[in-house]
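Novice: got a predicted structure here, sequence first:
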Amino acid sequence: MLQESRVHDNNANARFCYKNVLVPKWYDVWTRIQIRVNSSKLVRVFQVDSEQKLEELEQFSIWNFFSSFLKEKLNDTYVNVDLYSTETCLKVEVTEGNTKYSVTVTRRFDSKLLIVFLLGLILFFCGDLLSRNQIFYYSTGMSVGIMTSLLIVIFLLSKFMPKRSSLYVIIVGGWSFSLYLIQLVFKNLQEIWRCYWQYLLSYIVTVGFVSFAVCYKYGPLQNERTINLLTWTLQLLGLCFMYAGIQIPHVALAVIAIALCTKNLEYPLHWLYITYRKLCKATEKPVPPRLLTEEEYRIQGERETHKALEELRKYCNSPDCSPWRTISRIQSPKRFADFVEGSSHLTPKEVSIYEQEYGLGSIIAQDEFYEETSSEEENSDFQFPTITQNHFLT
């Protein structure tokens with residue numbers, strides 16, 4: 001039985017089991033439990049869920065034989081244990097003599113899980129911006145070209161092959177072999193960089209340049225529907241990263257639900273605001289409109305008249321206006337032409353008549369008329385009782 005933070009050394013075939021007795025809490029979202037097997041030579045490690053399945057591995061069967069034959073030999077490997085798994089068992093098979101290995105169980109904070117979770121947040125909330133960003137377009141194209149260049153080569157070779165060819169079997173096997181090579185390179189990337197950094201750097205520069213040339217030829221995305229598809233793909237990938245970056249499933253689902261509500265919160269808020277405005281308009285009493293004062297009425301009339309005259313001048317100077325048709329319908333073509341060129345729309349005679357009728361002199365005359373009328377009414381009021389009285393006395 002394995003125990004946390006305790007090293008178990010061995011040099012022969014052995015079976016190990018680890019029982020998780022701690023119930024995961026909310027703060028264990030980025031906690032990872034790993035069983036590390038470190039050996040001096042190559043060994044095979046088989047992982048099962050219980051002791052019963054571990055005993056089944058000892059029994060001979062065709063499936064166990066092929067799985068043992070295809071199992072990769074490693075001298076340093078990690079086995080991830082689920083936080084909710086109650087029991088995890090291992091079988092370590094030694095392939096060479098004088099092999100020493102150690103088995104250790106560790107429970108620690110994994111920064112890689114946090115990085116994956118943050119990457120998912122960025123992809124989900126910034127997917128619409130990234131899908132329109134040219135830097136993201138070219139960098140993603142170069143990265144995909146570098147990582148999947150073998151797949152691209154096989155795809156291009158398949159274009160030159162005749163249809164219904166038996167070489168398609170080789171192509172299918174080539175795809176699988178390419179994926180296997182990519183996985184193998186990522187596992188041993190540090191060792192490859194240490195020993196063959198010149199070749200790796202040349203490969204990255206060459207394939208990166210070719211990928212950039214292909215992306216530059218086709219250019220960034222312009223079609224709005226294609227951009228929307230890329231945005232939705234990035235957001236879906238971000239949700240997957242968020243779920244994979246959290247070790248507790250129900251916490252991951254809760255975070256995803258909160259992210260979806262936050263991303264689309266503007267729509268419910270907009271609907272609530274519209275409903276609130278409609279309810280307020282339905283319940284509030286109508287406010288009577290405010291009447292304009294005489295000064296406001298005069299200022300508004302002057303402003304609107306000036307605005308309408310400017311719009312008329314612009315229309316007359318535009319190609320939409322037919323000058324000959326307009327001149328044939330008016331009585332004073334010269335006056336109209338002067339108005340279009342910027343002159344006043346009123347003649348001096350019309351201005352003087354307006355001043356006499358509505359100007360300062362007219363206001364004074366009206367005031368004098370009102371005063372005379374009021375004085376006559378007062379005199380008539382004083383005389384009327386006298387006449388009545390004299391008539392009564394008579």
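Specialist: Arrived safely.
Novice: would you map the helices across the stretch 151-300 of the chain?
Specialist: 168-187, 189-195, 197-218, 224-244, 249-263, 266-283, 294-317 (DSSP state H, counting those that start in this stretch).
Novice: let me know the angle separating the fifth one from helix 224-244.
Specialist: Relative orientation of helix 249-263 with respect to helix 224-244: 150 degrees, computed using axes from the mean of the first three to the mean of the last three C-alpha atoms, to 10 degrees.
Novice: okay, buried residues for helix 249-263 please.
Specialist: 251-252, 255-256, 259 (16 or more other C-beta atoms under 10 Å). C-betas here are computed from N, CA, C, even on glycine.
Novice: now the residues you listed as CSV including pLDDT and distance to residue 144?
Specialist: CSV is the format used below for those (pLDDT from 0 to 100; distance: C-beta to C-beta, whole Å):
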residue, pLDDT, distance to residue 144
251, 89, 32
252, 90, 27
255, 91, 28
256, 91, 26
259, 88, 26
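Novice: low-confidence stretches in this structure?
Specialist: Scanning the chain for pLDDT under 70 picks out 57-72, 150-184, 187, 266-267, 358-394.
Novice: in it, which residue is closest to the centre?
Specialist: residue 128 (3.7 Å; C-alpha atoms, centre = their mean).
Novice: quick check: closest non-adjacent residue to that one.
Specialist: residue 231 (4.8 Å; C-beta to C-beta, 6 or more residues apart in numbering).
Novice: helix, strand or coil for residue 321?
Specialist: coil (DSSP: H, G, I helix; E, B strand; the rest coil).
Novice: quick check: it vs residue 110, distance?
Specialist: Computed as C-beta to C-beta, to the nearest Å, the residue 321 to residue 110 distance reads 76 Å.
Novice: of the two, who's got more company?
Specialist: residue 110 (16 against 13; other C-beta atoms under 10 Å).
Novice: ok, that one touching residue 32?
Specialist: Yes. In this structure, residue 110 is within contact of residue 32 by C-beta atoms under 8 Å, at 4.0 Å.
Novice: select the longest strand from the protein.
Specialist: strand 31-48 (DSSP state E).
Novice: packing partners for it?
Specialist: helix 51-58, helix 62-70, strand 74-81, strand 87-94, strand 101-109 (3 or more C-beta pairs under 8 Å, 6 or more residues apart in numbering; DSSP states H and E).
Novice: any idea which of the ones you listed is most buried?
Specialist: strand 87-94 (a mean of 19; mean count of other C-beta atoms under 10 Å).
Novice: now for that strand, which elements pack on it?
Specialist: strand 14-19, strand 31-48, helix 51-58, strand 74-81, strand 101-109.
Novice: partners of that strand, with directions?
Specialist: Here strand 87-94 has these sheet partners by DSSP bridges: strand 14-19 (antiparallel), strand 31-48 (antiparallel).
Novice: kindly reformat those as TSV containing distance to residue 82 and mean neighbour count.
Specialist: Formatted as TSV, the strands paired with strand 87-94 follow (distance: least, C-beta to C-beta, whole Å; neighbours: other C-beta atoms under 10 Å):
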stretch	distance to residue 82	mean neighbour count
strand 14-19	11	16
strand 31-48	8	18
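Novice: how about TSV for those strands, with distance to residue 83 added?
Specialist: Below are the strands paired with strand 87-94 laid out as TSV (distance: least, C-beta to C-beta, whole Å):
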stretch	distance to residue 83
strand 14-19	12
strand 31-48	7
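Novice: on that earlier part again, can I assume the residue nearest to the centre of the chain sits in a helix?
Specialist: Yes. Counting by three-state DSSP, residue 128 is found in a helix.
Novice: mind checking how far it is from residue 118?
Specialist: Distance from residue 128 to residue 118, by C-beta to C-beta: 18 Å.
Novice: and residue 324, by the same measure?
Specialist: Taking C-beta to C-beta, one finds residue 324 at 72 Å from residue 118.
Novice: same question, residue 87
Specialist: Residue 87 is 32 Å from residue 118, by C-beta to C-beta.
Novice: rewinding a little: give me whichever of the helices of the stretch 151-300 of the chain is most buried.
Specialist: helix 224-244 (a mean of 16).
Novice: distance between it and the chain's centre?
Specialist: Remark: helix 224-244 is offset 9 Å from the chain centroid, using C-alpha atoms, centre = their mean, to the nearest Å.
Novice: what does that helix contact?
Specialist: Identification of contacts with helix 224-244 by C-beta atoms under 8 Å, 6 or more residues apart in numbering yields 116-117, 119-125, 127-128, 130-132, 221, 249, 252-253, 255-256, 259.
Novice: sorry, back to before: a markdown table for the helices and strands packed on strand 31-48, including distance to residue 41?
Specialist: What follows is the helices and strands packed on strand 31-48, written out as a markdown table (distance: least, C-beta to C-beta, whole Å):
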| stretch | distance to residue 41 |
| --- | --- |
| helix 51-58 | 21 |
| helix 62-70 | 17 |
| strand 74-81 | 6 |
| strand 87-94 | 8 |
| strand 101-109 | 8 |
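Novice: many thanks, we can stop here.
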